[in-house]
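Novice: Sequence first, predicted coordinates after that:
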Amino acid sequence: MEKHQTHSVTTADYADPKVDQLLKHTVRNQLESLLKAKLTTAQRQQALTQSFTEAMTLIFSTTQATHAQLSAAFEAMYEQAVQSMTQAQLSEELLTRQYISPTGLIMSPINCRHTIKDIYRIQGYVKGIDKAVRGMLSHKKSLTILYPACGPFAPLLLPLLSYYKEQHAFNGEQIKVLFVDTHPGAIVSLRQLISDLQLGEFVADIIEEDATTYEPQESIDLLVLEAMQHGFTREGQLAIAKHLVKFLAMDGWMIPHSVSIKGMMVHGETEFNQQWKDAEYCHSGHLQESALQERVELGELMRIDKSALLQMQELALEDGVRVVAANTITLPTGVEDMPERILAVYAQITTFDGEGLDQYDSGITHPKPDMSFYVDAKPRELDHMHFVANSGDTVQFYYQLSGMPGFVPVKV
Amino acid sequence: MESKYALFSGSCLCLAAVQYLLQRGQLGCVVLVEAEPNPDLVQLQQFLHHHQIPMLQYKTESDDALIAELDRLGVNSGLVYLFRHKVRSKLIDYFAGRFLNIHPSALPDYRGPMPVFWQLKEGAETIRLTLHEVTEQLDGGAIATHIDLPVHPFDTSQCLHQKIAQMVPALLEQFTQQQAAGTLTWQAQSEDIEVDGERCEPRYAAFVQVDDLLIDWQRHTSSEIVNLARAANAELGGARFKFREGMLQLMQASSMDCQLTGIKPGTVLELDRVKGLLVKTKDGAVRLDTVLTEQGIFDGYRFAILFGLEPGLAVAPTSSARM
């Protein structure tokens, strides 16, 4: 049952929020345009909904939209979403509180707001979710989606739901969403945005709770997981996935369907600077062949999908850190310039049925350099944070489920 | 023979001692340090001038003129407190065993010019104010008497210097009474000290270098960081920590509990308007209470917001020199 009710507005109800000073400074451009336009609340909500549906229309267009078109549409969506956030009148405390929980980073609403501009992340997810929804609703009357760690804008679902509503594709009888986030500021913003988008019919519940301990009462058909950063680090994506996957229905799906995390030894300058100096923006479509040739791929460090998560066993180390075993790789031999190379970890994400994101398409698939991993080289000053190995060594990777999740290599 | 003192000092912190000796009619003069005028010294000179207390100037090149002046004033005893020069044997001989120094440590531990800083840095809970004979060995003469002073957990070096200054009259009174009662015993300093039941070399309180003020997030515990910041607050400008290309000054920090595991020391744990800015240490966490930057003095929260330091980031990240 929907718990959050949209409040009725009148056309004389102007959008003139009492905004916290810090947010006012941070989003002053968006606020200026809001105030200059002198929109009524109804007009602002209409502009917001329009920006969301236009971005989705471009994504689902049969003709390929250009990057410039997508950028403009997503920027408009971002600006409108931020204006909605200002209406929520969050206090400075709620806006800026950011912390590391025992299972990962909990970002502040003010820092989360940019994810709605991550074009190719949203594109890869939305297309995958759309295929999954259509597939399920072809043989079911309704489905329940669980979206943990959804943040203040729930960017992987709210644009799609706006699009469905505008297109009369699906309604609240067919799709119900459980939104979960542990940050009270995210919950306040999310309620405002859902209210402004008038998507209340799709809401099963909005729950302020830690996604790693939340236990849904209903069976989940789709589990949408976005909480991750590059190199599969920082946020508690694996802990959330591992906990919630068991609430999926027998025929339920996880979005992303699979995540493959790979390692490679690269020349940092080529990989992260030279390769991109003439590129308009970072994207897998702009990878330089010469840079690809220069890489030394180490293979897959870890694969995450529904069955892997269900089988995953945790190990507790002496210092209380919990880990799960990932893959074992053998460091290649015969690479003369290995000492000059650094490890970079990247993700390839299949959201659903051929849709997904490749390396560099988004912040979450951007390769992450690991400066503490040395092969055939020694750090200037060795400390316990450094990993030192030689070509030909076998390395077992573990994934640490702590407040700062990430890979831990161990020599076998 | 009634003692008539020359008080050797260069700081207004000696004024409690000046007033004590004045009240007892035992102050012959004040011998000032040889230094460029600074606000503290100028204020001391003004006070002495106002109260018509004779001032003599210490000269590093020779003691002859000073000794002549001391003799002219009929001074027969010396008291050294917050005096930066090492006195020479000629002057020591002049006082013939009536030359005393006030040193804030349990001698022979922490001999040297910066005993308060080093003891606070080590988390001392008590500081001993020792009255001892001046000899050619710096801070090495026989001990006459002492008073122990409890250290408040929030005390900075500056706080302690002021508290110590207020205790000086009590130390001198104790000395005078023991002398009068015939209970004063001069105790030679031992060559070693006892720490946790073991004999070891006394620690030396050297002049503080910038490297001594540097926080090592990998090595320092929470209490070591807290103590370093307060030991260096305010005269030394606080503890230093690397931040991006520069060095910032931490004037105050607080130790916090942290049960999180698997997080590198130096990682920002939390940013909250009420709770502040929390950074992981090897054994817990510290809250950065007051940070001094070129742009101003901020609490940790405002510093982090202004400088873009977020939870999950390292205060001093690993060098990207390998890129």
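Specialist: Looks like it came in fine.

Novice: Can you verify residue A:160 is assigned to a strand?
Specialist: No. Membership of residue A:160 in a strand is not supported by DSSP: H, G, I helix; E, B strand; the rest coil, which gives helix.

Novice: model confidence over the helix or strand where residue A:328 lies, on average?
Specialist: Take DSSP states H and E as the rule and residue A:328 turns out to sit in strand A:322-330. Taken as a whole, strand A:322-330 has a mean pLDDT of 94.

Novice: and the following helix or strand past it, what does it pack onto?
Specialist: Using DSSP H and E, the helix or strand that follows strand A:322-330 in sequence is strand A:342-352. Contacts defined by 3 or more Cβ pairs under 8 Å, 6 or more residues apart in numbering or on different chains; DSSP states H and E place strand A:342-352 against helix A:119-137, strand A:248-255, strand A:258-266, strand A:355-357, strand A:368-370, strand A:373-375. Quick note: C-beta positions are derived from backbone N, CA and C, even for glycine.

Novice: Over in the stretch 1-150 of chain A, which residue gets nearest chain B? Let me know.
Specialist: residue A:99 (3.8 Å; Cβ to the nearest Cβ).

Novice: Pretty sure that residue sits against residue B:311.
Specialist: Yes. Between residue A:99 and residue B:311 there is a contact under Cβ atoms under 8 Å: 5.3 Å.

Novice: Would you map the helices across the chain?
Specialist: You didn't say which chain, so I picked chain A. With DSSP state H as the criterion, chain A has helices at A:21-26, A:28-37, A:41-59, A:67-87, A:92-96, A:109-112, A:119-137, A:158-167, A:184-197, A:237-244, A:268, A:289-294, A:306-311.

Novice: my question was about chain B
Specialist: Using DSSP H, helices in chain B cover B:15-23, B:39-50, B:64-72, B:89-95, B:115-121, B:157-181, B:222-231, B:300-307.

Novice: Pairing partners for the residue nearest to residue A:359 when sequence neighbours are not counted in the sheet, please.
Specialist: Nearest residue to residue A:359 in three dimensions, chain neighbours excluded: residue A:346, at 4.5 Å (Cβ to Cβ, 6 or more residues apart in numbering or on different chains). Beta-bridge partners of residue A:346, counted by DSSP bridges, are residue A:262.

Novice: mind listing what residue B:171 touches?
Specialist: Counting by Cβ atoms under 8 Å, 6 or more residues apart in numbering or on different chains, residue B:171 touches B:102, B:129, B:131, B:145, B:146, B:147.

Novice: Do you know the pLDDT at the closest residue to chain B within chain A?
Specialist: Here the residue of chain A nearest chain B is residue A:402; by Cβ to the nearest Cβ that distance is 2.8 Å. Note for residue A:402: predicted pLDDT of 84.

Novice: likewise residue B:244?
Specialist: 89.

Novice: Same question for residue B:188.
Specialist: 97.

Novice: residue nearest the centroid of the chain?
Specialist: With no chain named, the answer covers chain A. Centroid check for chain A by Cα atoms, centre = their mean gives residue A:226 as the closest residue, at 3.3 Å.

Novice: The intended chain is chain B.
Specialist: residue B:116 (2.9 Å).

Novice: residues contacting it?
Specialist: B:104, B:127, B:157, B:160, B:161, B:164, B:231.

Novice: who wins for most neighbours among these?
Specialist: Neighbour tally across the contacts of residue B:116 (other Cβ atoms under 10 Å in any protein chain shown): the maximum, 27 neighbours, falls on residue B:231.

Novice: That residue - nearest residue in space that isn't next to it in sequence?
Specialist: residue B:120 (3.7 Å).

Novice: now swap in residue B:85 and tell me
Specialist: Residue B:85 sits nearest to residue B:58 (Cβ to Cβ, 6+ apart), 5.9 Å away.

Novice: what's the worst-scoring helix or strand of chain B on mean pLDDT packed up against?
Specialist: None of the helices or strands of chain B scores lower by mean pLDDT, DSSP states H and E than strand B:193-195, at a mean of 89. On a contact count with 3+ Cβ pairs under 8 Å, 6+ apart, strand B:193-195 meets strand B:198-200.

Novice: Show me what from chain B comes close to chain A.
Specialist: B:218, B:259-264, B:267, B:269-274, B:278, B:301, B:305, B:310-312, B:318-320, B:322-323 (Cβ under 8 Å from any Cβ of the partner chain).

Novice: count of neighbours near the residue in the stretch 1-150 of chain B that chain A sits nearest to?
Specialist: Nearest residue of the stretch 1-150 of chain B to chain A, counting by Cβ to the nearest Cβ: residue B:121, 22.9 Å away. Residue B:121 has 22 neighbours, counted by other Cβ under 10 Å.

Novice: And residue B:253, by the same measure?
Specialist: That count, for residue B:253 with other Cβ under 10 Å as the rule, works out to 29.

Novice: Enumerate every residue touching it.
Specialist: Counting by Cβ under 8 Å, 6+ apart, residue B:253 has contacts B:225, B:226, B:229, B:239, B:286, B:287, B:288, B:289.

Novice: Make TSV from the helices of chain A and add distance to residue A:277 to it.
Specialist: Output for the helices of chain A, formatted as TSV (distance: least, Cβ to Cβ, whole Å):
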stretch	distance to residue A:277
helix A:21-26	30
helix A:28-37	29
helix A:41-59	28
helix A:67-87	18
helix A:92-96	35
helix A:109-112	28
helix A:119-137	21
helix A:158-167	33
helix A:184-197	37
helix A:237-244	32
helix A:268	14
helix A:289-294	11
helix A:306-311	38
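
Novice: Between those helices, which one is closest to residue A:392.
Specialist: Residue A:392 sits nearest to helix A:289-294 of all the helices of chain A, at 20.8 Å, using Cβ to Cβ.

Novice: Do that closest one and chain B come into contact?
Specialist: No. Helix A:289-294 is not in contact with chain B by Cβ under 8 Å from any Cβ; minimum separation 14.1 Å.

Novice: Now do the shared contacts for residue A:99 and residue B:311.
Specialist: A:105, B:269, B:270, B:271.

Novice: For the residue in the stretch 201-323 of chain B that chain A sits nearest to, give me its contacts.
Specialist: Relative to chain A, the nearest point of the stretch 201-323 of chain B is residue B:262 (2.8 Å; Cβ to the nearest Cβ). By Cβ under 8 Å, 6+ apart, the residues touching residue B:262 are A:319, A:321, A:400, A:402, A:403, A:404.

Novice: Perfect, that will be all.
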